[in-house]
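Engineer: Build me a model from this:
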Amino acid sequence: MSDLQKEVSDLERKSATAARLFDIRLIIGGLFTLYGVIVTIAGLTASDADLEKAEDININLWTGLGMLALGLFFLAWLKLRPASAPEPEE
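Structural biologist: Purely as a prediction, here's the structure:
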């Protein structure tokens, strides 16, 4: 392989790595999962006064579980269909 081909191959590899690293699904999935865990814990530790204000519906628990499910969905989507760098034009 010539030096030019090696350089192009190296740039394509770096481009594919950058595409996977900055995939928006990773950011959204990670944040929703993190916040989902935090809100779920807040829902599990809710006091009777908090539940009374919300008419005995544990809003934090249900919202946290929903956020956790959405975050895990995004992370599973990323794992099952990873991003690939666009093919270079010749």
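Engineer: What sits closest to the residue nearest to the spatial centre of the chain if chain neighbours are left out?
Structural biologist: When C-alpha atoms, centre = their mean is applied to the chain, the residue found nearest the centroid is Gly29 (1.6 Å). With C-beta to C-beta, 6 or more residues apart in numbering as the criterion, Gly29 has its nearest non-adjacent residue at 3.1 Å, and that residue is Phe74. C-beta here means a position set from N, CA and C on the backbone, and glycine is covered the same way.
Engineer: List the buried residues in the helix or strand hosting that neighbour.
Structural biologist: For Phe74, the element it lies in under DSSP states H and E is helix 59-80. For helix 59-80, the buried set under the neighbour-count rule, 16 or more other C-beta atoms under 10 Å, comprises 59-61, 63-64, 67-68, 70-71, 74-75, 78.
Engineer: what's next to that helix, contact-wise?
Structural biologist: Taking contacts as C-beta atoms under 8 Å, 6 or more residues apart in numbering, the residues outside helix 59-80 that touch it are 23, 25-26, 28-44, 46, 50.
Engineer: Tell me the helix or strand right after the lowest-mean-pLDDT helix or strand in the chain.
Structural biologist: Counting by mean pLDDT, DSSP states H and E, the chain has its least confident helix or strand at helix 3-21, which shows a mean of 66. Per DSSP H and E, the first helix or strand lying C-terminal to helix 3-21 is helix 24-44.
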